Structure formats: C-alpha cells, structure tokens
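A.B. asks: This is a predicted model, with the sequence first.
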Amino acid sequence: MPHPRRTTLTRRGLLVAAGALAAGTTQAQGQGYPNRPLRLIVPFPPAGAADVMSRVVAEAARAAFGQNVVVENRSGGGGTIGTEAVMRSAPDGYTLLMANQSTHSVNPEIRENPGLDPVAMVPIASVGNVAQVLYVRPGLAARSVPELIALAKASPGQLTYGTAGIGTGGHLAMMLLEAHAGIELNHIPFRGTAPSTAAVLAGQVDMMIDTMPTALPHIENNAVRPIAVTTTTRHARLPQVPSLTEAGFNDYEAVLYYALYAPPGTPDGIAARLGEGFETTVAQPAVAQRLNEMGCDPLPVPRAGLGAHVAADRARWRAVIRRAGIRIT
C-alpha cells in the first residue's frame, strides 16, 4: 500500500498562503459590501456647510451603493467629538466622516491634548473646495475692505466678529486677515455657524467670515453686506465682490476642503469600493451642479493623493496657528 505523500510547507509558502488568505478576505469583504445602510457623521451642527453638502452627497450616493447613506450630526469640540467617534468605530466601511480643514488640519495643531490624530484615518474621496466670504452687518459704516481696516485701526479691539468656534475655518481666516492688515478685532465664538450668523443678522456682531454655502442665502436676501471673498481671485458665485488679494493682501487665501474619511484599519477593498462610489456620486452632473450652486467648487484630488493634500494644508495652517499662539487646553 503506497504511503501518503507528505507536503512540506516552507516559511515562504506560509507567507504566500497567508497573503492569499488576506487578499481573499479583503476581496470578499469588498464584494459583499455594503449590505446595510451607511452612516455619514457630520462633526458640526445642522445648517452649516458640512451638513448641507453631506446631505446632497448622501442622497445621491444611494444609487452608487444600493443602500441609504444616513447623515448624523455629532457636533462639539470644534469637530473633535464627531471625528473621534468615527475613529473609534469599527473599520467595516459603514461609518464615515465628512472631514474638513477644522477636523484634519487645525484641531490636531491647536489642542493641548489632541486625543486621536486623524492622520491615521483612511482617505475615501474628495468632495470639494469651499471659498469663504467676509461680510458685515448692514449698519456698519464699511462698504469695502479699506474702509473696514480704517474703522478697525481707529478703534483697536472694538469691532467684533463671530465664528462657529475657536479654530474653525472662519476663525483662522479672520486671524490671517488681522495679521495681514495689522489690526486687532474682538473675537466672539459661538457654538456653530447658525448662531454666529444670527448674531450678525441681528446687528449684535459686526462681521463674519462664513463659508459660501451658508453665506449666499443671506447675501442674496441683502441681509448682510459682502465686502470680500477669501480666494485669490473673484469667485464665480459673487463676481461683484473683490478678493482679499485684490484688496491688497498678497497671497491671502483661506479656502476649505471637504473630504470623506473612514476609520483607521478600513480594508483596502472596502476603501476602494467607497472611493469609487463617492467619486462617481460627486462627479454626477446633477450633484456637481447642486454643489456648485451652493458655492462648492471641485477638488480634483483623487483618493490616492488626498492624504498628501491634507498634510500640506495642515502644514500651512500650523504656521499660522503657531504665529498667532492659538492653543486650547
């Protein structure tokens, strides 16, 4: 009777087998995914730019995934609470974050105890770039940037500006303006864009740098007076409003990126499936048009380059933060 044939499995063979098993598992995960609704966490309150953009993308993404994408606002800590909630979620592709400059470029740099560093998260897809607008309350005696600067220099620290919180895009943009113009303003932080905007509309705060999606309705209703945009050139949605560069502040730019991220450890197959689905969604003409109408411009950065794009932005704002001495304990 012949002896059974022995099989010798070398170390190289073990590694190959393990690699094949891992690849097969990731591939199976990607193929069977998704089979239930996805959650898109917005780490800011409702009605802000991140929220309204997330809802446009989530609604359209159903066609790409065959599942609902449910938007959930989890605000607090300038975006840190929602960000860390996603980072602690299971890396199974069912929980995503609408990230932006605050969550990935600013918060890790301004906080004494930053907690989890979002650099460990997995990039999924770019959503867009969002310009900001400097506007003032209608009763303020300033119809241009030079007039505003003159008012500020005449009364140092008296003019007030509102923001959605310390370290938010509007806050840093105003601090950058103060540094460029050599002026001192009085910062009034609120808990979100909506209450900050309401204070300007009520005449309780003099001015604000707000994102284009949330500023446009108030500008179109003549409820506030726009005097500059934060892009280097005029913006197509507000062609009558000069840029701060045009107003004499060379190299001034404060544009926010928005992008989708998944928890650390998300498998490559699932990340690729998510990336493909959301990139296709954002590129749809109807979705692109809705985002454009809000003032969200395309961000032509593929998933593979998103990490480097965000790292460069973080380095740029790190210099601004350190020069201004912004720290949150």
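C.D. replies: On my side now, so go ahead.
A.B. asks: And the average pLDDT for stretch 207-215 is what?
C.D. replies: Per-residue pLDDT values over stretch 207-215 give a mean of 94.
A.B. asks: Grab the CA positions of that stretch and hand them over as PDB.
C.D. replies: Coordinates of each C-alpha in stretch 207-215 appear next as PDB, following Å, rounded to 0.1, in the frame of the first residue of the first chain:
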ATOM      1  CA  MET A 207     -18.800  90.900  10.800                       C
ATOM      2  CA  MET A 208     -18.000  87.300  10.000                       C
ATOM      3  CA  ILE A 209     -16.100  85.200   7.500                       C
ATOM      4  CA  ASP A 210     -18.500  82.500   6.500                       C
ATOM      5  CA  THR A 211     -18.500  79.600   4.100                       C
ATOM      6  CA  MET A 212     -20.000  80.200   0.700                       C
ATOM      7  CA  PRO A 213     -22.900  77.700   1.000                       C
ATOM      8  CA  THR A 214     -24.200  79.300   4.200                       C
ATOM      9  CA  ALA A 215     -23.400  82.900   3.300                       C
END
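A.B. asks: Tell me the buried residues in the host helix or strand of P195?
C.D. replies: Counting by DSSP states H and E, the secondary-structure element that holds P195 is helix 193-201. Of all the residues in helix 193-201, those buried under the rule 16 or more other C-beta atoms under 10 Å are 193-194, 196-197, 199-201. Using the backbone N, CA and C atoms, a C-beta is placed for each residue, glycine as well.
A.B. asks: same check, this time on stretch 237-255
C.D. replies: Burial within stretch 237-255, assessed by neighbour count using 16+ other C-beta under 10 Å, is assigned to 237-238, 241-247, 249, 252-255.
A.B. asks: Over to stretch 145-158?
C.D. replies: Under the neighbour-count criterion of 16+ other C-beta under 10 Å, stretch 145-158 has 145, 148-149, 151-152 buried.
A.B. asks: Would you mind giving the buried residues of helix 193-201 as TSV with distance to I166 added?
C.D. replies: Supplementary listing: these in TSV, determined by distance: C-beta to C-beta, whole Å:
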residue	distance to I166
T193	14
A194	17
S196	12
T197	17
A199	16
V200	18
L201	22
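A.B. asks: what about Y261, neighbour count?
C.D. replies: As a burial measure, the neighbour count of Y261 was computed by other C-beta atoms under 10 Å and equals 28.
A.B. asks: any idea of the mean pLDDT in the strand or helix carrying it?
C.D. replies: Take DSSP H and E as the rule and Y261 turns out to sit in strand 256-262. Mean pLDDT, taken over the full extent of strand 256-262, equals 97.
A.B. asks: circling back to that earlier point, outside of the next helix or strand after the helix holding P195 itself, list whatever touches it.
C.D. replies: Read in the C-terminal direction, the helix or strand following helix 193-201 is strand 207-211, with elements assigned using DSSP H and E. Applying C-beta atoms under 8 Å, 6 or more residues apart in numbering, the contact partners of strand 207-211 are 48-49, 130-137, 140, 148, 159-163, 169-170, 173-174, 177, 193, 196-197, 200, 224, 230, 254, 256, 295.
A.B. asks: Mark which of the residues you listed are part of strands, please.
C.D. replies: 130, 132-136, 160-163, 256 (DSSP state E).
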